[in-house]
Each structure stands twice: as structure tokens, then as C-alpha cells.
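# Test case, fold it:
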Amino acid sequence: MFSPAEIVDISIDNGIKKIQKPLTAKLILGFIGGAMISLGYLAYIRVAASIPADLASVQALVGASVFPIGLIVILLAGGELITGNMMAVGIAFFDKKVSFKELFINWVTITLANIVGALFVAYFFGYVVGLTHSGVYLEMLVSLAHHKIEASWVQAVISGIGCNWFVGLALWLCYGAKDGAGKILGIWFPVMIFVAIGFQHSVANCFVIPGAIFEGHATWMDFLKNFVFVYLGNIIGGSIFVSGFYHASYKHH
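Residues are numbered from 1 along each chain as shown. Below you'll find the model as predicted:
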């Protein structure tokens, strides 16, 4: 592992590189990012749905253990995920290597591409292929979506903070590991824990709530209200609780 002080510099460098990618690459990689997180969530539903509801902890652990494949693919194979960019571009901004305008444009671009990728998986793989269309899979999809929708705005923001505190740490550990196995383990456990706890991830919600909408169990207004507050929480969790705290602690100008 690199030291925390070294990880700060690596994270800043990665944030700068994210800004410098061509627009076409950002859109393609953002689509991949949204799709991969959604496929991780689809895997969660497929492996956990048949576990009885009275074994809720087991259900959560089993589902959470497969969810991290999405972020592993994004970070190791290539992809852009807004929650990760909140951390990486955020720390480059704190270090004055990236302007607020560059940060804002990057976040908007990647967010929109992530949403398209998530909707693609929800509609085509979940609804059209039918992987979340019936039986216990539909029941779990709707249950997960309603749990997220029913959260108050305060709960959604705080849950979003918890989520991206862990996702930001997954990036942090990935950047700090010196080999592929270390990177995979560094990503796996923080992501698994945020999912097992039940924290809300704005892009993952772009899969599960629209999935329920396509099945006739939620509305687009439900989705929009949830997304705004979870997204705000994700910004605070990734940019402040990871980038801000570690930059303040390890980067001395």
C-alpha cells in the first residue's frame, strides 16, 4: 500500500485526468459506469430475492457480497461513476488543480451518462429480458424501491452521505493498493458494507426506482425527489468526508 499522504497525490492526479478526458470518452465511460453499478444491483436482486424475508440480515449480506463487481469493473477495466468523481475530482478541486467550472461540467456530464446507463439496464435487462419482471425478483425490486422512496429528505441526505463515505474510501484504497488483488479487496469491502447497511447510492437508485416504475409500482416524481436528496448526500460524503478530510489532514501547503 501507498501511505495516506501518497494516496492524496495519486487521487489528485486521477481527478485531473478525469477532467482531461475527451467528451466522447466521458460519455461512453459514464454510460459504462451507470450500467455496471446497475448490473451489480441486478445481481444483488437475483441472488438475494429467494432468501426468506425473516432472514433479512443474511439476505442483505448475500446481496451486498456481489454488488461490488460493478465498481471493480469501473475502476479496473475503465469507467466513470459520479460518486467516485465526487471524491477524485473533488480532491483535485481542493488542491486548486481543477476549477469549479471544470468540476461542475465534469459532474453534470458523468451524472447524465450514468443515468442513461442505469436506465438502459433497468429497462432492457430488468424489464424487457424479464430479470426483475416477476415472482420474488419483482417483489424485491419493488420493496427496495419503496424503501428508498419512503425515506424522508433528511434520511435520504444522511443515507447518501454514508454511502459515498464508503464509496470514496473504496476509491481511496484502490488508489493506494499496488497490485490488482489489493485493489479488488480495497474496493470490495467498503462497497459491500455500505450496501449491507442499506445506505443510498444515487446511481444505483437510477436502476432500482426506474425498474419499479417500468413495472408500474412507482412514479418519475418519486424518483426525482429521491435522486436530488441522495445525490446531495453523496456529494457531501465523497467530497467532504473523504476528499476534504484527507486533504486537510495530509496535504500541507
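# tell me which element residue 164 falls in.
helix 153-176 (DSSP states H and E).
# Just the CA trace of that helix, in CSV.
Extracted C-alpha coordinates of helix 153-176, given in CSV (Å, rounded to 0.1, in the frame of the first residue of the first chain):
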residue,chain,number,x,y,z
TRP,A,153,-35.4,14.1,2.7
VAL,A,154,-33.3,14.2,5.8
GLN,A,155,-32.9,10.4,5.8
ALA,A,156,-32.1,10.4,2.1
VAL,A,157,-29.4,13.1,2.5
ILE,A,158,-27.8,11.4,5.5
SER,A,159,-28.0,7.9,3.9
GLY,A,160,-26.3,9.4,0.8
ILE,A,161,-23.5,10.7,3.0
GLY,A,162,-22.9,7.3,4.5
CYS,A,163,-22.9,5.6,1.1
ASN,A,164,-20.4,7.9,-0.5
TRP,A,165,-18.2,8.0,2.5
PHE,A,166,-17.7,4.2,1.8
VAL,A,167,-17.5,4.5,-2.0
GLY,A,168,-14.9,7.3,-1.6
LEU,A,169,-12.9,5.1,0.7
ALA,A,170,-13.2,2.3,-1.8
LEU,A,171,-11.5,4.6,-4.4
TRP,A,172,-9.0,5.7,-1.8
LEU,A,173,-8.0,2.1,-1.0
CYS,A,174,-8.0,1.2,-4.7
TYR,A,175,-5.6,4.1,-5.5
GLY,A,176,-3.5,3.1,-2.5
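# Which strands and helices lie in contact with that helix?
Where contact means 3 or more C-beta pairs under 8 Å, 6 or more residues apart in numbering; DSSP states H and E, helix 153-176 is packed against helix 4-20, helix 69-77, helix 82-94, helix 180-197, helix 220-235. Backbone N, C-alpha and C define where each C-beta goes, glycine included.
# hmm, 6 Å instead?
Contacts defined by 3 or more C-beta pairs under 6 Å, 6 or more residues apart in numbering; DSSP states H and E place helix 153-176 against helix 4-20, helix 82-94, helix 180-197, helix 220-235.
# Adding distance to residue 122 and mean neighbour count, write those helices out as JSON lines.
Shown next, in JSON lines, are the helices and strands packed on helix 153-176 (distance: least, C-beta to C-beta, whole Å; neighbours: other C-beta atoms under 10 Å):
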{"stretch": "helix 4-20", "distance to residue 122": "25", "mean neighbour count": "18"}
{"stretch": "helix 82-94", "distance to residue 122": "17", "mean neighbour count": "28"}
{"stretch": "helix 180-197", "distance to residue 122": "17", "mean neighbour count": "18"}
{"stretch": "helix 220-235", "distance to residue 122": "11", "mean neighbour count": "20"}
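# follow-up on the earlier one: ok and the helix holding residue 164 relative to helix 69-77, angle-wise?
40 degrees (axes from the mean of the first three to the mean of the last three C-alpha atoms, to 10 degrees).
# Residue 39 is nearest to which of the helices and strands packed on helix 153-176?
Nearest to residue 39, of all the helices and strands packed on helix 153-176, is helix 180-197, at 13.7 Å by C-beta to C-beta.
# Give me the contacts around that closest one.
By C-beta atoms under 6 Å, 6 or more residues apart in numbering, the list of residues contacting helix 180-197 from outside reads 60-61, 64-65, 67-68, 71-72, 163, 166, 169-170, 173-174, 177.
# which outside residues touch the helix or strand following it?
Next helix or strand after helix 180-197 toward the C-terminus (DSSP H and E): helix 202-214. For helix 202-214, contacts defined as C-beta under 6 Å, 6+ apart pick out 34, 37-38, 41, 114-115, 118-119, 121-123, 126-127, 132, 141-142, 144-145, 148, 218, 223, 227, 230-231, 234.
# How about stretch 57-69?
40, 43, 44, 47, 48, 51, 187, 188, 191, 192, 195, 196.
# which of these lies closest to residue 1?
Closest to residue 1, out of all of the contacts of stretch 57-69 and judged by C-beta to C-beta, is residue 187, at 13.7 Å.
# Next one: that closest one, what pLDDT does it get?
Listed pLDDT for residue 187 reads 98.
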